[in-house]
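**Q** Build me a model from this:
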Amino acid sequence: MKKKVEIPFTEEQALSLECGDNVFISGVIYTGRDAAHKRMIETIEQGNELPMNIKDGMMYYVGPAPEKPGQVIGSAGPTTSYRMDSYAPKLLDMGLRGMIGKGKRSDEVIESMIKNKAVYFGAIGGAGALLAKSIKKSDIIAYNDLGTEAIRRLEVVDLPAVVVIDSKGRNLYEEGRKRYLSL
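**A** Alright, predicted model coming up:
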């Protein structure tokens, strides 16, 4: 079943999703890869505010390609999420509710997701040009010196994703394998 996810991404929405659900995400999301996440945590540790409000928000682990004339953004496929695992629990504790990327997450991140009722979405790697079509506006809002790893504010409409790990900790990578092996 395909479900709509709207930002702000509330606890109620997060709890309604199950691993394996196909979703279309709409609203404002933020980009960030490992360099931006490192800087966000340093900002927090220094007692300063983040450059955006992450409460009931969503981070997309992406370093988009430069846009071509007439485009809002270049190819915008997900990056491997485990590189953000050391930073994610702190952001989840601050209210981050959703993360979009590809690949597995650590046990620590999954435990934090359960505690904070958050969801990890998978986007299709290699489909960056297709995913970019769902991005209607893109603005760099922080850490411009990081180039493609700068934090961007994206306005997305029906960005396709799959619930990989739901707010209860059910993991599509594990459950999908079990289902396959039982056939």
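
**Q** excluding its backbone neighbours, what's nearest residue 106?
**A** residue 85 (4.4 Å; CB to CB, 6 or more residues apart in numbering). Backbone N, C-alpha and C define where each C-beta goes, glycine included.

**Q** what about the strands in the chain?
**A** 2-6, 22-31, 58-60, 98-101, 119-122, 135-142, 151-165 (DSSP state E).

**Q** Check those strands for me: which has the lowest mean pLDDT.
**A** Mean pLDDT per stretch puts strand 2-6 lowest among the strands of the chain, at a mean of 93.

**Q** For that one, which strands pair with it and how are they oriented?
**A** Sheet partners assigned to strand 2-6 using DSSP bridges are listed as strand 22-31 (parallel).

**Q** Output the contacting helices and strands for the top helix by length along the chain.
**A** When the chain is parsed with DSSP state H, its longest helix is helix 34-45. Judged by 3 or more CB pairs under 8 Å, 6 or more residues apart in numbering; DSSP states H and E, helix 34-45 is in contact with helix 88-93.

**Q** list the buried ones in the helix it packs on?
**A** By neighbour count with 16 or more other CB atoms under 10 Å, helix 88-93 contains the buried residues 88-89, 91-92.

**Q** ok, and what's touching the helix or strand of the chain with the lowest mean pLDDT?
**A** Every helix and strand of the chain was ranked by mean pLDDT, DSSP states H and E. The lowest is helix 172-181, at a mean of 77. Helix 172-181 is contacted from outside by 19-20, 104, 122, 162-165, using CB atoms under 8 Å, 6 or more residues apart in numbering.

**Q** Columns distance to residue 142 and neighbour count on top of those residues, output as CSV?
**A** Converted to CSV, the contacts of helix 172-181 look like this (distance: CB to CB, whole Å; neighbours: other CB atoms under 10 Å):
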residue, distance to residue 142, neighbour count
19, 32, 22
20, 34, 15
104, 28, 16
122, 25, 20
162, 28, 16
163, 28, 23
164, 27, 26
165, 27, 24
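
**Q** mind putting these in a markdown table, distance to residue 57 included?
**A** As requested, these are exported to a markdown table (distance: CB to CB, whole Å):
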| residue | distance to residue 57 |
| --- | --- |
| 19 | 21 |
| 20 | 23 |
| 104 | 23 |
| 122 | 18 |
| 162 | 19 |
| 163 | 17 |
| 164 | 18 |
| 165 | 17 |
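
**Q** And residue 95, its phi and psi?
**A** Note on residue 95: its backbone torsions stand at phi 110, psi 0 [degrees, to the nearest 10].
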